[in-house]
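# need the 3D shape of this:
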Amino acid sequence: MASNQAPSLDPTVARVTERIRERSRERRALYVERMEAQHRRGVHRSELSCGNLAHGFAACGTEDKNQLKMLNSANLGIISAYNDMLSAHQPYEVYPDIIRDAARGMGATAQFAGGVPAMCDGVTQGQPGMELSLFSRDVIAMATAVGLSHNMFDAALFLGVCDKIVPGLFIGAARFGHLPAMFVPAGPMPSGLPNKEKARIRQLFAEGKVGRDELLEAESESYHSPGTCTFYGTANSNQLMMEFMGLHLPGSSFVNPGTGIREALTRYATEQAVRNSAPGGDYRPFYRQIDERAIINAMVGLLASGGSTNHTMHLVAMAAAAGITITWDDFSELSGAVPSLTRVYPNGQADINHFQAAGGMSLLFRELIQAGLIHADIPTVFGTDMMAYTQEPFLEDGKLVWREGPSESLDTDVLRPVSNPFAATGGLNVLDGNLGRGVIKVSAVDPAHRIVEAPVKIFEDQNELKAAFESGDLDRDVIVVVRFQGPKANGMPELHKLTPYLGVLQDRGYHVALVTDGRMSGASGKVPAAIHMTPEAIDGGPLAKLKDGDVVRLDADKGELKVTMEAAAWAERPNQVAELDHYHVGLGRELFGGFRHLAMRAEEGAGVFGGFEADDLARQQGQIHDEDA
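Numbers count the residues shown, from 1 in each chain. Down below sits the predicted model:
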């Protein structure tokens, strides 16, 4: 398909894009100016002194050392989140050797520039370590900057898959936006125990009907090999977004690890990164590739596929790093125009491998491009615009080729066309009311459960809920409020541990919902959950006013969340104060006190970096002073 065949843009997508462009105009201009200045200062090794350069290649072999001395060939920096505890990242162990070999084949070199931390939310779920998870995103961004700061590199390859890792790598890549950036996926593990059966056994365990041995066996059958977990949570949402921004090769996101085509894609990514560098002759820096159109594409892809709500924070922070300001209202307006085209667990019973088999990314791209719902004209790491992303990779006689993907879904229970969607909207709503602002994902929530009005039960520690459930205190219509779980309070842990208990209550026929200033996992599903409530309770948020028994109404369809009491009485009620010291010590949590202090609100991305160019512009305009920063 030629690029001039792309239809005109959907009016809502065009309107939101222009609003973001106007909102970000000055901030974006300053970002571009800074990236251009970095490029002029020198992308490559010629800026280094002889002593600097000698240190930079001292450990290299003779072939690479001689190549690096020449100064006119590309040197790729590898930033990797490898560790062999994360199943999704274990395949990256062998990638540096593959990349170095492929680079040499192009007359170039590649060096392992730095490793970044990568924690597994599956391991830390419900544990104290989860309180470091969100902040690990910003640590990863800083570690990326450390690795690239040596100024030895003409382009960078970023190896990462999971929750906070890809957003952190993206933020780091954006601040080195004068370098071409190639994100290199590792792929999902083969399908294991069906997700519906896994969820059933978790609920049975919560009810005490099966033991720990049965639960562990089910979990082990679900998470059973190298590769990304196969449900559609934050990790697989990351991969989809990278492809929608043109930072992956077409069709590379969901190819299983350990296969010939997976290695071929990694080699091709390396070769393409060389071509995209200034010495390679087709200079494609990150800052020219990622603008408001690419961010819109990521948002639309996320909404059309029912992706993780974590990205209502991550994408805000990622866009900010590239000088772009997006808001929850942008998500909400796009959600009203973008249809739901996939059903992948928790939004359905299929896993990501089923999605790939049904037509996968190539068909999803085809549908969204033809409907004018994404910007097809953005530049990509593939050297084309997005029209090439309707293609799929194949091996022919050992050579990697791309062919047009299917024009129709092979399984309409998993992937559908725009003409026959699962729902007319993207299933993500912003909630507003006298309890603050939050977001709710309704794509997995049955319409019968989207409106809940009930007395609240307050918890200030997620571990308290289990005892209340086991005592029968929650066997009623109830809105569970778990507060003091925001970034400033305790790092904003995911509360996925609560899902089986709340699911059991809903299955017993009760009207149940969750309201929290914390997060829920991208795998959370059928129980309506108002999350990321902002301002958070510790920051003067109205959740801190609630008392047990207050009646709250959550209307996910209308986007309303409010306590049903007289406005004057509500305004006069004081905020409760929580004892949070137990959250701040142990398992390294004391090292993150500064992060908690600096954390911005969830709607601002919940990061610690401030507004980048936005802060500088405000300072120039006299709106803030250095002592306020």
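
# any idea how far the closest residue in space to residue 377 that isn't next to it in sequence is from residue 421?
Nearest residue to residue 377, sequence neighbours excluded (Cβ to Cβ, 6 or more residues apart in numbering): residue 385, at 5.3 Å. For the C-beta atoms, the positions are set from N, CA and C on the backbone; glycine is no exception. Counting by Cβ to Cβ, to the nearest Å, the gap from residue 385 to residue 421 is 25 Å.

# do the same with residue 350
Taken as Cβ to Cβ, the span from residue 350 to residue 421 is 16 Å.

# where does pLDDT dip in this structure?
Applying pLDDT under 70 to the chain flags residues 1-5, 43-46, 522-524, 622-629.

# for it, longest strand please?
The strand that spans the most residues within the chain, counting by DSSP state E, is strand 451-459.

# what's whatever helix or strand comes next after that one packed up against?
With elements assigned by DSSP states H and E, the helix or strand that comes after strand 451-459 is helix 464-471. On a contact count with 3 or more Cβ pairs under 8 Å, 6 or more residues apart in numbering; DSSP states H and E, helix 464-471 meets strand 451-459, helix 499-507.

# next up, the contacts around the residue nearest to residue 377.
Shown in contact with residue 385 (Cβ atoms under 8 Å, 6 or more residues apart in numbering): 3, 376-379.

# then residue 518?
462, 482, 485-486, 492-495, 531-532.

# please flag which of these sit within strands.
Checking the contacts of residue 518 against DSSP E, those in strands are 482, 531-532.

# residue 17 - that's part of a helix, no?
Yes: under DSSP: H, G, I helix; E, B strand; the rest coil, residue 17 falls within a helix.

# which residues touch it?
Residues near residue 17 by Cβ under 8 Å, 6+ apart: 9, 292-293, 296, 375.

# if I look at it, how far off is residue 541?
Here the criterion is Cβ to Cβ. By it, residue 17 lies 31 Å from residue 541.

# check residue 127 too.
25 Å.

# swap in residue 596?
Residue 596 is 15 Å from residue 541, by Cβ to Cβ.

# so between residue 127 and residue 541, which is more surrounded?
residue 541 (22 against 12; other Cβ atoms under 10 Å).

# show me the strands in this protein, by range?
Remark: strands assigned in the chain by DSSP E are 75-80, 109-115, 155-159, 181-184, 391-396, 399-404, 428-433, 436-441, 451-459, 478-482, 512-516, 529-534, 551-555, 560-563.

# kindly supply the PyMOL command isolating those of the contacts of residue 385 that are buried.
Buried residues within the contacts of residue 385, by 16 or more other Cβ atoms under 10 Å, are selected in PyMOL with:
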select buried, resi 376+378+379
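
# ok, so of the contacts of residue 385, who is nearest residue 21?
Residue 21 has its nearest neighbour among these in residue 378, at 13.3 Å by Cβ to Cβ.

# that closest one and residue 297 touch, don't they?
Yes: using Cβ atoms under 8 Å as the test, residue 378 is close enough to residue 297 to be in contact (6.8 Å).

# wait, residue 530 touches residue 519, no?
No: the pair residue 530 / residue 519 is not scored as a contact, 11.7 Å apart, by Cβ under 8 Å.

# so which of these two has more stuff around it?
residue 519 (31 against 27).

# for the more buried one, list each beta-bridge partner.
residue 494 (DSSP bridges).

# check contacts around it.
Counted by Cβ under 8 Å, 6+ apart, residue 519 has contacts 134, 309-310, 313, 485, 492-495, 531-532.

# number of nearby residues for the closest residue to residue 32 other than its chain neighbours?
Once flanking residues are discounted, residue 32 sits nearest to residue 287: 6.1 Å by Cβ to Cβ, 6+ apart. Residue 287 has 24 neighbours, counted by other Cβ under 10 Å.

# ok, residue 287 - contacts?
Per Cβ under 8 Å, 6+ apart, neighbours of residue 287: 31-32, 35-36, 174, 177-178, 322.

# related to what we said a few turns ago, who wins for neighbours among the ones in strands among the contacts of residue 518?
In terms of neighbours by other Cβ under 10 Å, the ones in strands among the contacts of residue 518 top out with residue 532 at 30 neighbours.

# quick one: that one and residue 604 touch, right?
No: the criterion here is Cβ under 8 Å, and residue 532 misses it with residue 604 at 10.9 Å.

# closest one to residue 267 among the helices and strands packed on helix 464-471?
With respect to residue 267, and counting by Cβ to Cβ, the nearest of the helices and strands packed on helix 464-471 is helix 499-507 at 40.4 Å.

# so how far is that closest one from its chain's centroid?
Relative to its chain's centre, helix 499-507 lies at 26 Å (Cα atoms, centre = their mean, to the nearest Å).

# so which elements touch that helix?
When contacts are defined as 3+ Cβ pairs under 8 Å, 6+ apart, helix 499-507 packs onto helix 195-206, helix 464-471, strand 512-516.

# just name the most buried of the ones you listed.
Comparing those by mean neighbour count (mean count of other Cβ atoms under 10 Å), strand 512-516 ranks first with a mean of 27.

# for residue 227, state which of the contacts of residue 17 is nearest.
Closest approach between these and residue 227, by Cβ to Cβ: residue 296, at 29.6 Å.

# ok, back up a step: if you count surrounding residues, which of residue 350 and residue 421 has more?
Using other Cβ under 10 Å, the more surrounded residue of residue 350 and residue 421 is residue 350, with 25 against 17.

# wait, doesn't the more buried one sit right on residue 344?
Yes: counting by Cβ under 8 Å, residue 350 touches residue 344, with 5.4 Å between them.

# what sits in contact with each of these two?
Shared contacts of residue 350 and residue 344, counting by Cβ under 8 Å, 6+ apart, come down to residue 414.

# give me phi/psi at the spatially closest residue to residue 413 that is not a sequence neighbour?
The shortest distance from residue 413 to any non-neighbouring residue, by Cβ to Cβ, 6+ apart, is to residue 343 (6.5 Å). As for residue 343, its main-chain torsions (degrees, to the nearest 10) stand at phi -130, psi 90.

# residue contacts, residue 343?
Contacts for residue 343 were tallied using Cβ under 8 Å, 6+ apart; they are 306, 349-350, 413-415, 422.

# export those residues to JSON lines and append columns for distance to residue 65.
Listed next are the contacts of residue 343 as JSON lines, based on distance: Cβ to Cβ, whole Å:
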{"residue": "306", "distance to residue 65": "50"}
{"residue": "349", "distance to residue 65": "54"}
{"residue": "350", "distance to residue 65": "50"}
{"residue": "413", "distance to residue 65": "56"}
{"residue": "414", "distance to residue 65": "51"}
{"residue": "415", "distance to residue 65": "50"}
{"residue": "422", "distance to residue 65": "56"}
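
# buried only: go through those residues for me.
Neighbour counting with 16+ other Cβ under 10 Å marks 306, 349-350, 414-415, 422 as buried within these.

# could I get the residues you listed as TSV with distance to residue 562?
Below are those laid out as TSV (distance: Cβ to Cβ, whole Å):
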residue	distance to residue 562
306	26
349	34
350	36
414	37
415	37
422	29
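
# residue 567: which of those is nearest?
Distances from residue 567 to the buried ones among the contacts of residue 343, taken by Cβ to Cβ, are shortest for residue 306, at 35.9 Å.
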